[in-house]
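Novice: Return atomic coordinates for the entry below.
(one chain, ligands or ions: 3)
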Amino acid sequence: MDFKPPFQQTCKAILLQNSTHEALSSHDDDKVSLVEECELPLIDLSHLNLGHFEGDKCMNEIAQAASQWGFFQVVNHGVSQEVIKSMQNEQKRLFHKPFAEKVEKNFLNYRWGNPQATCLRQFSWSEAFHISLTEIPTMNDHHNSLRSTIEAFVKTVSGLAKRLAEILAQPLGVKPIYFEENCPTRTSYLRLNRYAPCPFPSQVFGLISHTDTDFLTIVHQDQVGGLEIFKDGRWLAVKPNPEALIVNIGDFFEALSNGAYKSIKHRVVSTQEVERLSVAYFYCPSYDAVVRNCGNEPSTYRQFTLREYKLQTQIDVQKTGEKKQTLMKNGKMRWRL
Ligand SMILES: C=C1C[C@]23C[C@@]1(O)CC[C@H]2[C@@]12CC[C@H](O)[C@@](C)(C(=O)O1)[C@H]2[C@@H]3C(=O)O
Ligand SMILES: O=C(O)CCC(=O)C(=O)O
Ligand SMILES: [Fe+2]
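Specialist: Ligands and ions are numbered 1, 2, ... in the order given. Model prediction:
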């Protein structure tokens with residue numbers, strides 16, 4: 001039984017529907033072109049434990065990277081290579097289940113492509129399990145090894161997310177207890193991504209350009225590469241480092257910091273030859289926690305809750321095929337004032 005989603009048939013159907021529009025499209029995010037490679041700022045987290053001087057220096061580096069890049073990579077993060085390897089094995093096992101089974105059981109919130117895509121630039125040649133952490137304890141005994149791998153990964157990564165969020169919040173004057181109060185572990189998400197080899201990688205993305213709906217995201221990407229970030233008006237390819245975890249600022253930290261930290265657009269390009277695996281941990285508040293800037297300067301962001309934000313995002317994706325980080329530009333609920 002085939003495990004592959006019908007990516008190719010879906011792309012053909014989309015192309016047949018609107019060939020003229022596609023040919024004329026000149027949007028910035030449409031173009032898959034050769035881009036320069038960059039190394040993300042590298043932060044050695046072991047320095048946090050080397051006493052005041054080294055610790056403060058390390059915290060400053062983290063805040064600097066969040067302001068200037070919105071992305072950085074960390075080593076000595078506490079997730080062992082063994083846990084990463086077993087996560088990759090579990091991902092392969094899960095994704096290689098028959099497609100019909102993945103869809104019908106809607107096991108662990110399975111998603112593929114983008115049902116709302118009306119043109120190729122809105123289509124993502126990838127599949128994912130978008131797992132709410134509330135689901136983990138309810139997983140049945142069939143999935144014992146998957147469950148224990150997820151638990152091991154989440155245990156370390158959730159502590160890391162909280163620690164990084166607290167470090168980033170310190171210079172903003174956010175009260176130290178904010179994340180303890182508003183982000184219990186169960187409100188975060190784990191997304192297991194698989195990017196299948198794509199026969200026409202120059203025409204369709206693995207994951208279309210987006211920003212993340214959370215405070216921050218912690219990603220492990222394998223050695224294949226393909227993640228690109230939009231920095232200073234151009235796309236840059238992130239050099240893979242399988243030893244490191246990638247951290248990026250999400251929309252909520254941008255709002256909380258009144259724009260000091262940047263939630264920047266990123267995307268994944270497809271490859272023709274091999275599959276690519278990644279795992280992303282989305283550090284989210286509970287649904288009704290209020291996200292607002294807490295500093296003294298006048299805020300350029302409106303306060304909102306995750307519930308409002310998700311609702312608006314869903315409406316945007318349904319209407320336009322894409323997440324508009326821009327509830328802000330012209331929507332009713334602009335979060336950037
Ligand atoms: C089609 C889409 C689903 C998505 C929003 C998007 O327009 C493009 C990226 C997707 C993504 C990836 C990161 C997060 O998992 C997510 C919640 C987000 O903010 O952007 C998802 C969106 C989703 O799955 O709804
Ligand atoms: O696969 C990656 O490297 C990034 C995935 C991503 O951006 C996401 O899941 O939000
Ligand atoms: Fe993302």
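
Novice: Hmm, Lys162 is touching Pro184, no?
Specialist: No - using C-beta atoms under 8 Å, Lys162 makes no contact with Pro184, being 10.2 Å away. Backbone N, C-alpha and C define where each C-beta goes, glycine included.

Novice: Lys57 is in what secondary structure piece?
Specialist: Element membership of Lys57 [criterion: DSSP states H and E] is helix 52-68.

Novice: same for the helix or strand that comes right after that helix, what does it pack against?
Specialist: Next in sequence after helix 52-68, counting helices and strands by DSSP H and E, comes strand 71-75. Other elements packing on strand 71-75 under the criterion 3 or more C-beta pairs under 8 Å, 6 or more residues apart in numbering; DSSP states H and E are strand 42-44, helix 52-68, strand 245-249.

Novice: Please identify the buried residues of the first one?
Specialist: Spelled out, that is strand 42-44. Ile43 (16 or more other C-beta atoms under 10 Å).

Novice: Output the contacting helices and strands for it.
Specialist: helix 52-68, strand 71-75.

Novice: Next, the angle from the next helix or strand after the shortest one to strand 245-249.
Specialist: This means strand 71-75. Using DSSP H and E, the helix or strand that follows strand 71-75 in sequence is helix 81-95. With axes from the mean of the first three to the mean of the last three C-alpha atoms, to 10 degrees defining the directions, helix 81-95 sits at 70 degrees from strand 245-249.

Novice: Give me the residues contacting helix 81-95.
Specialist: 3, 102, 108, 127, 129, 145-146, 149-150, 152-153, 156, 192, 194, 220, 222, 242-243, 277, 279 (C-beta atoms under 8 Å, 6 or more residues apart in numbering).

Novice: can you tell me if it touches ligand 2.
Specialist: No - shown here: helix 81-95 not in contact with ligand 2 (C-beta under 6 Å from any ligand atom), separated by at least 11.6 Å.

Novice: Please identify the helix or strand for whichever residue of the stretch 151-300 of the chain sits closest to ligand 2.
Specialist: Nearest to ligand 2 in the stretch 151-300 of the chain, going by C-beta to the nearest ligand atom, is Ser278, at a distance of 3.4 Å. For Ser278, the host element (DSSP H and E) is strand 276-283.

Novice: Quick check: can you name the pairing partners of that strand and their directions?
Specialist: strand 189-195 (antiparallel), strand 216-221 (antiparallel) (DSSP bridges).

Novice: and the protein, which of its residues are near ligand 1?
Specialist: So the chain meets ligand 1 at 114, 130, 191, 208, 210, 212-213, 317, 322-323 (C-beta under 6 Å from any ligand atom).
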